[in-house]
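>>> give me a 3D structure for the following:
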Amino acid sequence: MVESKNNSVSARIRTLVLVLLTAVFIFPILLVVMNSFKSRLYVSTVPFSWPVKEMFVGFENYINGLTTSGFFLAFLRSVWVSVMGVGVIILCTSMAAWYIVRVKDKITKTLYYIFVFSMIVPFQMVMFTLTFVVTGVYFDNIVGIVLVYLGFGAGLAVFMFCGFVKSIPLEVEEAATIDGCNPLQTYFLIVFPMLKPTAITVAILQAMWIWNDYLLPYLILGSDHKTVPVAIQLAMQGAYGSTDYGGFMAMLVVSIIPIIVFYISSQKYIIKGVIAGAVKG
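Next up, the predicted model:
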């Protein structure tokens, strides 16, 4: 009886802690949404008040924010870079992980540790050299930056894919070979469909990183071909303190909607994929 009561108290404490943590994480998002419907003056003076009466301006901030600073083109550019970047990362790193796991020699083992080591190298350590090299090989465009993201995202992706490939029975691939499949057919028809949970997990993590990344697109693409984070940052740089914070908040709201929708629609795979990629890696 006493143990049951203690378990009940522990469950209530855990629930309370989780509710508090949820409120802490949701409050900044709610604050941004609230201020996106306020006029510029009230965003600065009363940021924590609910938009009522003269504070409320409807969708005016959204219209102003979306029509200034080339936000629409920046949005399309971010969609292109994110979709292509995630697609290239999943395709290339899953094939690399399959090769590393199945071809066990010193070269593949060295490659694996290089990929793992790349996960701990901070971007700030290589950003100046990277910018120089990328400009020299003419990768400073929306196509070249996809390859740059492949290089930076390969470490985590290969690590997770390697862990999952190890759980795939080799007999399945041998049976496909006996049936007449070549290595590419074996990969695309047998192996890759089995990698779906990990692939979706990698896609979620990489999409959130690429979509929200500011520094790399700013260094490589600059302000002439800006993505959403760069467009939002430039929107803050109003002359003589005349920044339209209402429009800025509206742009933030619009920018986080796609990644939230993508995450919610795919979240059931993320735990399964992380466990599969980490436990056996």
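>>> quick one: residue 160 and residue 200 touch, right?
No: taking Cβ atoms under 8 Å as the definition, residue 160 is not a contact partner of residue 200, at 11.0 Å. No exception for glycine: its C-beta is placed from N, CA and C like everyone else's.
>>> comparing these two, which shows the higher neighbour count?
The neighbour count for residue 160 versus residue 200, taken as other Cβ atoms under 10 Å, is higher for residue 160 (25 against 19).
>>> packing partners for the helix or strand where that one lies?
Secondary structure from DSSP states H and E places residue 160 in helix 144-165. Packed against helix 144-165 by the contact rule (3 or more Cβ pairs under 8 Å, 6 or more residues apart in numbering; DSSP states H and E) you find helix 71-102, helix 106-118, helix 123-136, helix 196-212, helix 215-220, helix 245-279.
>>> and those helices, which one averages the lowest pLDDT?
Ranked by mean pLDDT, those end with helix 245-279 at the bottom, a mean of 74.
>>> look up the closest residue to the most centrally placed residue in the chain, ignoring the ones flanking it.
Nearest residue to the geometric centre of the chain (Cα atoms, centre = their mean): residue 208, 1.6 Å. Nearest residue to residue 208 in three dimensions, chain neighbours excluded: residue 259, at 5.7 Å (Cβ to Cβ, 6 or more residues apart in numbering).
>>> cool, residue 217 as well?
Excluding the flanking residues, the one nearest residue 217 by Cβ to Cβ, 6+ apart is residue 227, at 4.4 Å.
>>> check contacts around the one you found.
Going by Cβ atoms under 8 Å, 6 or more residues apart in numbering, residue 227 touches 74, 77, 78, 81, 213, 217, 221.
>>> how about stretch 57-72: buried residues?
57, 61, 62, 64, 65, 66, 69, 70, 71 (16 or more other Cβ atoms under 10 Å).
>>> for residue 35, grab the count of nearby residues.
Residue 35, neighbours per other Cβ under 10 Å, totals 27.
>>> for it, give its distance to residue 122.
Distance, residue 35 to residue 122, by Cβ to Cβ, to the nearest Å: 33 Å.
>>> what are the phi and psi values for residue 121?
phi -80, psi 120 (degrees, to the nearest 10).
>>> so it versus residue 156, what's the distance?
12 Å.
>>> more neighbours, the two?
Between residue 121 and residue 156, counted using other Cβ under 10 Å, the more crowded position is residue 156 (20 against 11).
>>> for the nearest residue to the more buried one once chain neighbours are set aside, give me its contacts.
Computed as Cβ to Cβ, 6+ apart, the closest residue to residue 156 that is not its neighbour in sequence is residue 119, at 5.6 Å. Going by Cβ under 8 Å, 6+ apart, residue 119 touches 155, 156, 159.
>>> do the same with residue 50
Per Cβ under 8 Å, 6+ apart, neighbours of residue 50: residue 34.
>>> give me the three-state assignment for it.
Under DSSP: H, G, I helix; E, B strand; the rest coil, the three-state class of residue 50 is coil.
>>> got phi/psi on it?
Torsion angles, degrees, to the nearest 10, at residue 50: phi -70, psi 140.
>>> tell me the pLDDT at it?
Value for residue 50, per-residue pLDDT: 83.
>>> likewise residue 121?
Reported pLDDT for residue 121: 83.
>>> just residue 69 next, same as before
Among the per-residue scores, residue 69 holds a pLDDT of 67.
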